[in-house]
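Trainee: My questions are about this predicted structure, shown below with the sequence.
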Amino acid sequence: MAQEYAECLLENKFHENCPGCKVDQMKRLRRGFPFSELVTVWLIVLSTALPVSSLFPFLYFMIGDFNIAKKEEDIGFYAGFVGCSLMLGRTLTSVVWGIVADRYGRKRVILIGTASVVIFNTLFGLSVNYWMAIITRFCLGCFNGLLGPIKAYAVETFRDEYQGLALSAVSTAWGIGLIIGPAMGGFLAQPAKQYPSLFSEESVFGKFPYFLPCLAISCFALLVTIISLRIPETLHNHKIDDDAPSPDESCDASKLLSHDPESHKATERNERPSLLKNWPLISSIIVYCIFSLHDMAYTEIFSLWANSPRKYGGLGYSSADVGSVLAISGFGLLIFQLSLYSYAERLLGPTMVTRISGSLALVLLSTYPLIAKLSGLALTLALNCASVAKNVLATSAITGLFILQNRAVRQDQRGAANGIAMTAMSLFKAIGPAAAGIIYSWSEKRLDAAFLPGTQMVFFILNVVLALGVAVEERENRGEEETEKKKKKQRGVKANDEEEGDKDELNHHRFLASLNRLNPTNPLRVIVNNGGGGRFTTPPPPNPAQPLRSSSRAPPPIQTPPVRAPPPEEPQPPPSPSPPPLQHQSRSLFSQTPQETLASLNSSKYTNKFFLLLFILHKIAAIGFVCFLVFRGVQGLIGSNGSVKRKEQRILRFLLPQVEAASLLSIVLAFSWQMAIRLWPEFMIHFILWSTFLMSLSSGILLLCFQMPATDAVGVSLIAFSIGNGLYACWVTRRIKFCTKILVKSLEPVSKFTDLNLPTYYMLAAGFFWMSLWIFGVIGALNFYFPPVVIIGLVLSLAWTTEVMRNVVNLTVSRVIALFYLRGMQSSTRFSFQRALSRNLGSACLGSLFVPTIEALRIVARGLNLLKGEDEFMFCCANCCLKLMTFIFEHGNGWAFVQIAAYGKGFVRASQDTWKLFEDVDMVEIVDADITSSICFLTGICSGCVCVIVAAAWTHTVYKPFTATISLLAFFIGYLMTRISMALPHACVSCYYACYAENPESRFFDKTIKERQALIKHGRVVVHTPRVRRALA
């Protein structure tokens, strides 16, 4: 058996650093039941399915609490739109997530999907009005696009004999999630009413009666997200055309194609059709969409039917009763899928299983109006049996369609194919709840109709949709069977021709091998080699005077020319003096960098000391003032009269918890962003650009929904920013590819320094401690003189402090990475951190104060330059502003921190020298067009918007007047904390550019920048950044 494994691995070409090849090797070497992989896939799909239908048992009551329906009969109408918003969001993004999974990997999409459940499902439980519920469900659908990629992942992780079981686990987990989700919603909704001994009306779960089921599902999704960090990636990261046959193919196929690359390339071209022309795939997607529409409509109708009063044809069940029925159905479905489905699929095949399941479900649904006429034990037994049978049949049909879809495409198209299926399915599922709610509301108004009164019409329409799906599936399968028969006949003829050709090829190889075994002096071999008629010639013996080469072809023999007498020596001209070295001549890699003395570190040596002293004095004053404000707040809480005391208590109760929660959330987001940037830099650039747009738009819409003047102003500002962010993301699309290469290359040295992230941890801990104290100061300022002026001063102080913290991390990382690039040495992170806090702290304080201001004014000047038009006055003003800001930028820019850290220069001197290096090596256009600083900035904006959504929703529920204030504070805190964590990737990119400008020939740099310079020089890359043209000398 071991020999069989070895032969199978040797006959396939696996790439060493390819994660997909590693998974294929693991699949071939493993013999046994893949229990751990099965459980992982099952948990991931379950965490995705739970929030889809968990709202249906309490949605009827939730819409009633929102007071948006004028009549009780209209609740179903509004409930349908909340139910369909998730599927609408999934419809818009499923194809995008499928393409992302095919390009960047399945694992990343899976992690984003499970994390979105944690965030947006929790926010849905905190919904305070109808529109917030729709927005959070829509965002959950937009970001949770893992159902398509998880199917591809299941097919690629399991061996062929277990792929049916893997897709069965996907459909089982999905079906059980659609059942257990409503069960959890029924049992856990309104806990203060159902379990008054455990939950009080004054608690969080009393004020948010539907938060507990959402929180339970989010906690489970968080656990699944942590588990998913350990799953392997299955996507191949090499080009298919350069490979041997796909590892998914058998060993025999690799034997047939391994010796003929041309036939393999032709096979690749023939086997890569357009997905839209892949009729087996499209036909299975059509049937899948019809079945999904029916399944989603049934899920909502069942809950509405069970909750509706008896007078409207319902069962009069409570949420807990509906949860009990669905829990029993989920347990029965789990037993069937794990024990009986695999045998049924092997015996009948996926097509027949789908056909039989759809036909039996038609008969079963016809009995539901009769079940409503029962009561007592008979009703309970009949309803539970019918629910179990219906869910078993629906899940079996969908599982068969999963198998058909994934067998119809190849590995590198599965993500996109499943994305198309998810998009179409989500569109139909979005229609399902809305249509079901409208139809059910309409049916309750026609209880006295002559034809199919009341709920009979509802179940009749469900049967019509299901019958349509069965009919389409039957027709498509007949067409596929006929097509398959024709293909088999054609393959039989081609196989005979290929066998004859393979025999001739094999005989020819044997003949050549026998010739190669002849003696070199054999006349037959000499004739074959010299005649040129053979395809393989005998290589000549190697020349001992010539070094061996790594090429597979031997070098031609060297012909020695005849020996001649040397010519007489001619008088040589005197050697010309060597030209002086150029200013931009690169330094030697290991040459000693001249260090300046401590007294001459800066041309204006007192500048850094002055700003360091200014920062220290400011910090002492800020700490003292904050402590004084905290003392005033405590004094007002303890020893003041009734009104001041009540005001202090109200602030502590309704402002402090939200702001502290925003601080903790910002730290979690800060670590998450930095980890994601380091793991998946190429993907995260695109993700940050568009997630910031979506989150700022969502937070702005949420604040507008509160309908208060202050929140409206903040909401409009966020929406305006989101529009500008979207335009910027479209504008920099052409720069992303190059900047991604630089980011990936610049992050490579980080893995060599295991403690490089410690300064970030220290600064975040110090920032959290100072912000906690600062928040108490803000609370005290609300009862001090001129509160707005005091709070603005505190905000500016916090901004300067956190910017200094960020630049301390920047200087530490810059010194470590710059010394690695310039001298090839590994510097101590701890020593670099101490140096940043002592010798370079003055430059950090100066740069933290002026760099953000200079960059902001430079952006404004560039905007004026773009808008100047043909007006002479505007032309002069724009050019003047741009020249002034360019001059200031050359004397104070963010690139200076590299030379500050490496050589100990002052801020102004380092800015001038760094910019001079960029000009000498023609890198000004490249560094101007870099978007790394913008990406770091947008990351902070995105974190701030997430904090706004959480804090604003929370505050609007407990105390509305504080909503705008807490929203601004939460945004500010989330932005600043994330900026500290993003200092590491920003410093790595800055070091890469600055060190390349100093030594372009270093072995640590590739040809990326040189190729970019060549493209710019030849006009193939247009740099849209406005700049001042320098006059020619």
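Mentor: Done, it's in.
Trainee: What part of this protein, helix or strand, is modelled with the least confidence?
Mentor: One helix or strand of the chain scores below all others by mean pLDDT, DSSP states H and E: helix 251-257, with a mean of 36.
Trainee: Helices of the stretch 101-250 of the chain, residue ranges please.
Mentor: 106-125, 130-143, 147-157, 163-188, 191-194, 204-207, 211-228 (DSSP state H, counting those that start in this stretch).
Trainee: ok, now which ones touch Met923?
Mentor: Met923 makes contact with 917, 993, 996-997, 1009, 1013, according to Cβ atoms under 8 Å, 6 or more residues apart in numbering. C-betas here are computed from N, CA, C, even on glycine.
Trainee: now Ala69, what's its secondary structure?
Mentor: Of the three states, Ala69 takes coil according to DSSP: H, G, I helix; E, B strand; the rest coil.
Trainee: mind pulling up the phi and psi values for it?
Mentor: Ala69 adopts backbone torsions of phi -90, psi 130, taken as degrees, to the nearest 10.
Trainee: State the distance from the nearest residue to it once chain neighbours are set aside to Pro209.
Mentor: In this structure, Ala69 finds its nearest non-sequential neighbour in Ile75, 4.6 Å apart by Cβ to Cβ, 6 or more residues apart in numbering. To Pro209, Ile75 is 16 Å away according to Cβ to Cβ, to the nearest Å.
Trainee: re earlier: between the helices of the stretch 101-250 of the chain, which one is nearest to Phe706?
Mentor: Phe706 lies closest to helix 130-143 among those, at 8.9 Å (Cβ to Cβ).
Trainee: which strands and helices sit next to the closest one?
Mentor: Contact partners of helix 130-143 among helices and strands, from 3 or more Cβ pairs under 8 Å, 6 or more residues apart in numbering; DSSP states H and E: helix 56-66, helix 75-104, helix 106-125, helix 681-705.
Trainee: so where's the stretch 51-200 of the chain shaky on pLDDT?
Mentor: Along the stretch 51-200 of the chain, the parts satisfying pLDDT under 70 run over 73, 160-161, 164.
Trainee: again, 90 this time
Mentor: Counting by pLDDT under 90, the stretch 51-200 of the chain contains low-confidence ranges at 51-110, 112, 119-200.
Trainee: do the stretch 801-950 of the chain as well
Mentor: Short version for the stretch 801-950 of the chain, where the test is pLDDT under 90: 819-831, 834-897, 899, 901-934, 950.
Trainee: could you pull out the strands for it?
Mentor: In the stretch 801-950 of the chain, no strands are found when defined by DSSP state E, counting those that start in this stretch.
Trainee: domains of this protein?
Mentor: Per the record, the chain has its domains at 16-236, 277-479, 640-1018, by the TED database.
Trainee: Can you lay out the ones you listed as JSON lines showing distance to Arg632?
Mentor: Putting the domains of the chain into JSON lines (distance: least, Cβ to Cβ, whole Å) gives the following:
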{"stretch": "domain 16-236", "distance to Arg632": "30"}
{"stretch": "domain 277-479", "distance to Arg632": "49"}
{"stretch": "domain 640-1018", "distance to Arg632": "5"}
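Trainee: quick one: which of those domains is nearest Ala621?
Mentor: domain 640-1018 (8.5 Å).
Trainee: If we ignore the residues flanking it in sequence, what's nearest Phe427?
Mentor: In this structure residue 427 is Leu, not Phe. Thr91 (4.4 Å).
Trainee: In terms of pLDDT, where does Glu484 sit?
Mentor: Per-residue confidence (pLDDT) for Glu484: 55.
Trainee: nope, Leu743 is what I meant
Mentor: Leu743 is given a pLDDT of 90.
Trainee: go on, the one 3 residues further on?
Mentor: In this model, Ser746 is scored at 90, pLDDT.
Trainee: Return the residues in contact with the closest residue to Glu233 other than its chain neighbours.
Mentor: Nearest residue to Glu233, sequence neighbours excluded (Cβ to Cβ, 6+ apart): Pro19, at 3.9 Å. Pro19 is in contact with 105, 232-237, counting by Cβ under 8 Å, 6+ apart.
Trainee: my read: Ala987 touches Ser814, true?
Mentor: Yes - applying Cβ atoms under 8 Å, one finds Ala987 in contact with Ser814, separated by 4.8 Å.
Trainee: what do these two both touch?
Mentor: 897-898.
Trainee: Quick one: closest of the helices of the stretch 101-250 of the chain to Leu370.
Mentor: By Cβ to Cβ (comparing all of the helices of the stretch 101-250 of the chain), the closest turns out to be helix 163-188, at 22.6 Å.
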